[in-house]
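Asks: no sequence for this one, just the structure:
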C-alpha cells in the first residue's frame, strides 16, 4: 500500500492553490474548477473546493478551514534559505522560524491561508538523512 495524497477542502480553492504554488515554487494541475493537485515523486497534495464534498456524501463529511490536528510536510533542500525566500509571503503566519528538532530535522512551521499547519524541513543529522535517503 502507498499513501497517494493528502487533500485539503477549502472554500477558496484559487487562493489556496496560489499560496501553495508560491511557497513550493511548483505548479498545480487543475482537473476541474473545483479540484487541483500538486504531485511529487512520493505523493500529492490535493486541494478540493467545498463543492466536491457532494461526491463524498455531503457537506457534513469535512469542514473547510477547520484543521487543528494535521501538519502538511514538505522536505526541502535548505530550510533556512527557503525561510529567507518566503519571509514576505508568510508574514505573521510563521509559527516557528527554522529550528533543529530532537529527531534531526530542521523545521520551519507556518500556516496556510486556511489555517492549516505546514512544515518545511531539511534533514540535518546523518540519522535523519538516512530516513529520507531513498525517498527523494
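Replies: Alright, I've got the coordinates. Bear in mind the structure is a predicted one, so any value in this text is a computation, not a measurement. Numbering: from 1, shown residues only.

Asks: state the pLDDT value of residue 3.
Replies: Residue-level confidence at residue 3 comes out at 85, pLDDT.

Asks: ok, it - contacts?
Replies: Shown in contact with residue 3 (Cβ atoms under 8 Å, 6 or more residues apart in numbering): 42, 43. All C-beta spots, glycine's among them, are computed from the backbone N, C-alpha and C.

Asks: what of the one 10 residues further on?
Replies: Applying Cβ under 8 Å, 6+ apart, one finds that residue 13 lies in contact with 33, 34, 35, 36, 47, 48, 49.

Asks: what's next to the helix or strand encompassing residue 80, contact-wise?
Replies: If you go by DSSP states H and E, residue 80 is part of helix 79-90. Applying Cβ under 8 Å, 6+ apart, the external contacts of helix 79-90 come out as 22-23, 76, 94, 97-98, 106-108, 110, 120-122.

Asks: okay, the residue nearest to residue 124 when sequence neighbours are not counted: pLDDT?
Replies: The shortest distance from residue 124 to any non-neighbouring residue, by Cβ to Cβ, 6 or more residues apart in numbering, is to residue 106 (5.0 Å). As predicted, residue 106 sits at a pLDDT of 98.
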